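>>> okay, here's the prediction I keep looking at, along with the sequence it came from:
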Amino acid sequence: MSPPIFLLIGIFLAVAIGGPIVAVRQLDAAATAEIRITNVQEDLETLLREQLDEESAIRMRATAPGTYEPDPALYDPTLAALATLEKALILARIRDSEAVVADIRRAHERWEISARSTTKRGDAQALRRRTTESKFQIEQFRSDTQALRSRLKTEDERVQSELKRKINTTVAISAGLITLFAIWALMLAISRASAVAALDKEHAIVTTLQRALRAEATSLERTEIGTSYISATREALIGGDLLDTWRLDSDRGYILIADVSGKGIDAAVDGAFVQYALRTLATDGDDPAVILTRFNRLFAETITNPSTFVVLFLGLLDTQAMTLRYASAGHSAAFIRRADRIDSLEVTGPIVGIGPNELFTANTVSLATGETILLATDGLTESRDAAGDLLGEDGIRVLFSVASENPQDICDSLVGEIRKRSGGTIGDDLAIIAIKLTPVEAVVSNPVVV
């Protein structure tokens, strides 16, 4: 063969072999860039959630009786989330993001100074002044985060556009030289496009569910309420655990906490069904046992997966009669802290999903002003320490017995304890709700964000 033929064959083989290699590297680089952008988006949502939770917690404490003097050394989850976001932005190489992050940090710190300033509770003028200052800083915080979200969207579109351009070029060159490698490259492109489409769909579902399931639980008369919710799934800020409160009339309201089997989006969809089905069934009923019996039949008719089940507690709190009538479908982590002891609320029926004909009963317990109800899902009872030992119900009772009188502080301290026990890793979805019975003049009427 003449040298030109050898040269052509060499070029042919180099392009035929090198083309797919280049394509794979391009795909890997683009996939890594997209993953990093996705992580930044998730960290940004976490930052917004932490800021919202901190606003709710401080607002609740600030409107309670007495004087609110925050601990200056108090752990700031928003700043921790912001630090995580900064690291993710560096990895993702998002251009011109440093200034926006700096503005977010400054807005949050100014909000901290305003929102956490010592204020005598009940001082309406001071509270309004502080609220006005905080609102301005919060609006700045949200404006900056919205700007960063838009920048992430633009960067994501740029990465996808660049990915498509490079793939088309590589496939075209390879296809012109050898059919086999061209087909392989095309299949690779189709596979990548399908993965991108699946990722987009997954993100759309998560975003929709986050909006749908972030409902406002209603504060009940003559109560103070604290809540905590943690999803164990990084891909979604939602899971199968849920908590809710809503009013039946001026003196009575329902308390719900539930744990749907599974994690992530599938469990969240089933959790939405549980939440809104129970709310609907409770509109014309005041007996939790009857409601759970009807719901169990509805669950069996609606949920097609035979392995799906629900552990839940539904209670009707009457703050006029000072009673709690409840039905517990296999939910054991339920307690009342009284003046001299902690009582456990016994299970009254099987878990939901065993069979359509199961019956549920209800118990009624008396309450007194100052007593606190605590409900938690098994993300708390089954949390493990470094040695693998479960916290269990006895461990919860010990922690509950020495916890603060403030319901939100109770929830926060329990979450902090399991984070410490587990080395900072939450292995299961977790929902906690604490409700304290207060005198009429001490009612906190602000809505509780779940």
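Great, that's in hand. Residues are numbered from 1 along each chain as shown.
>>> CA atoms for contacts and neighbours, from now on please.
Noted.
>>> could you list the low-pLDDT ranges of the stretch 201-350 of the chain?
Scanning the stretch 201-350 of the chain for pLDDT under 70 picks out the ranges 201-217, 232-239.
>>> domain parsing for the protein?
3-210, 216-449 (automatic domain parsing).
>>> just the strands in the stretch 201-350 of the chain please.
For the stretch 201-350 of the chain, the strands defined by DSSP state E, counting those that start in this stretch cover 216-217, 223-230, 241-247, 252-260, 310-318, 323-329, 334-337, 342-344.
>>> compare those strands and give me the one nearest residue 352.
strand 310-318 (5.0 Å; C-alpha to C-alpha).
>>> which helices and strands does that closest one pack with?
strand 252-260, helix 288-302, strand 323-329 (3 or more C-alpha pairs under 8 Å, 6 or more residues apart in numbering; DSSP states H and E).
>>> what sits up against the shortest one?
This means strand 323-329. Strand 323-329 is contacted from outside by 287-289, 292, 310-318, 346-352, 360-367, using C-alpha atoms under 8 Å, 6 or more residues apart in numbering.
>>> any chance of the strands of the stretch 201-350 of the chain in a markdown table, with distance to residue 379 too?
Converted to a markdown table, these look like this (distance: least, C-alpha to C-alpha, whole Å):
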| stretch | distance to residue 379 |
| --- | --- |
| strand 216-217 | 21 |
| strand 223-230 | 9 |
| strand 241-247 | 9 |
| strand 252-260 | 9 |
| strand 310-318 | 12 |
| strand 323-329 | 17 |
| strand 334-337 | 13 |
| strand 342-344 | 18 |
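>>> can you put these in TSV and add distance to residue 85 and mean neighbour count?
TSV is the format used below for the strands of the stretch 201-350 of the chain (distance: least, C-alpha to C-alpha, whole Å; neighbours: other C-alpha atoms under 10 Å):
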stretch	distance to residue 85	mean neighbour count
strand 216-217	27	16
strand 223-230	18	23
strand 241-247	26	24
strand 252-260	30	23
strand 310-318	35	25
strand 323-329	40	24
strand 334-337	36	21
strand 342-344	41	15
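>>> verify the stated contact: residue 423 with residue 388.
No: counting by C-alpha atoms under 8 Å, residue 423 stays clear of residue 388, with 11.6 Å between them.
>>> follow-up on the earlier one: using TSV, please lay out the helices and strands packed on strand 310-318 together with distance to residue 161.
Output for the helices and strands packed on strand 310-318, formatted as TSV (distance: least, C-alpha to C-alpha, whole Å):
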stretch	distance to residue 161
strand 252-260	40
helix 288-302	42
strand 323-329	51
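>>> out of the ones you listed, nearest to residue 374?
Nearest of the helices and strands packed on strand 310-318 to residue 374, taken as C-alpha to C-alpha: strand 252-260 at 10.5 Å.
>>> parallel or antiparallel, list what pairs with that closest one.
Note on strand 252-260: by DSSP bridges, its sheet partners are strand 241-247 (antiparallel), strand 310-318 (antiparallel).
>>> any idea how far residue 260 lies from residue 313?
Distance, residue 260 to residue 313, using C-alpha to C-alpha, to the nearest Å: 12 Å.
>>> wait, residue 256 touches residue 243, no?
Yes: judged on C-alpha under 8 Å, residue 256 makes contact with residue 243 at a distance of 5.5 Å.
>>> could you list every residue that touches residue 247?
218, 220, 253-254.
>>> er, residue 353 actually
Per C-alpha under 8 Å, 6+ apart, neighbours of residue 353: 296, 299-300, 306, 308-310.
>>> and with 6 Å instead?
Contacts here follow C-alpha atoms under 6 Å, 6 or more residues apart in numbering; on that basis residue 353 touches residue 309.
>>> circling back to that earlier point, who touches both of residue 256 and residue 243?
Counting by C-alpha under 6 Å, 6+ apart, nothing touches both residue 256 and residue 243.
>>> just the CA atoms of stretch 378-395, as CSV, please.
The C-alpha trace of stretch 378-395 is given here as CSV (Å, rounded to 0.1, in the frame of the first residue of the first chain):
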residue,chain,number,x,y,z
ASP,A,378,-39.9,5.9,63.8
GLY,A,379,-37.1,8.1,62.4
LEU,A,380,-36.7,9.1,66.1
THR,A,381,-37.3,5.8,67.9
GLU,A,382,-35.1,3.8,65.5
SER,A,383,-32.2,6.3,65.3
ARG,A,384,-28.9,4.6,66.2
ASP,A,385,-25.7,5.7,67.9
ALA,A,386,-22.2,4.8,66.9
ALA,A,387,-22.5,1.4,68.6
GLY,A,388,-25.7,0.6,66.7
ASP,A,389,-28.0,1.0,69.7
LEU,A,390,-31.5,2.2,69.1
LEU,A,391,-32.8,5.3,70.9
GLY,A,392,-36.2,3.6,71.5
GLU,A,393,-39.2,4.8,73.4
ASP,A,394,-37.4,4.7,76.7
GLY,A,395,-34.7,7.0,75.3
